[in-house]
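Peer 1: Build me a model from this:
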Amino acid sequence: MFVNGSFGICLDEETSFISSLYHEGQLVSCIVLQVDDDRKELAQIKIWLSLRLSVLHKSLSLDSIQEGTVLSAYTKSIEDHGFMLHFELPSFTGFMLRLSQSGN
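Peer 2: Down below sits the predicted model:
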């Protein structure tokens, strides 16, 4: 996937799959893989992105995580009291408590 200089998103053959996962206006975590500054076309810059958590968290370790660190994960399973989270790293997983219905 890449973003062009006018910040429009251009997708490859995975367009329909990605469109089924995300909607317009949704915030997604991604990492810049490459920036192509095409001098042939005026103001044409391609920014190649990846949505893969394993690439996004490649340099992440337990030692680098501290209070306030923002992480992206997907829900591995839904449990009675919360959600098991997966970061696509073998070194750790996460658990997020489910808020009670009363808002506590």
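Peer 1: Give the other helices and strands that the helix or strand encompassing residue 83 contacts.
Peer 2: Element membership for residue 83, per DSSP states H and E: strand 82-86. Using 3 or more Cβ pairs under 8 Å, 6 or more residues apart in numbering; DSSP states H and E as the contact test, the elements touching strand 82-86 are strand 74-78, strand 93-97. Just so you know, the C-beta spots here come from the backbone N, C-alpha and C atoms, and that holds for glycine as well.
Peer 1: Now render these as CSV, adding distance to residue 65, mean neighbour count and mean pLDDT.
Peer 2: As requested, the helices and strands packed on strand 82-86 are exported to CSV (distance: least, Cβ to Cβ, whole Å; neighbours: other Cβ atoms under 10 Å; pLDDT from 0 to 100):
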stretch, distance to residue 65, mean neighbour count, mean pLDDT
strand 74-78, 17, 10, 90
strand 93-97, 10, 12, 90
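Peer 1: For residue 47, which of those strands is the nearest?
Peer 2: strand 74-78 (23.5 Å; Cβ to Cβ).
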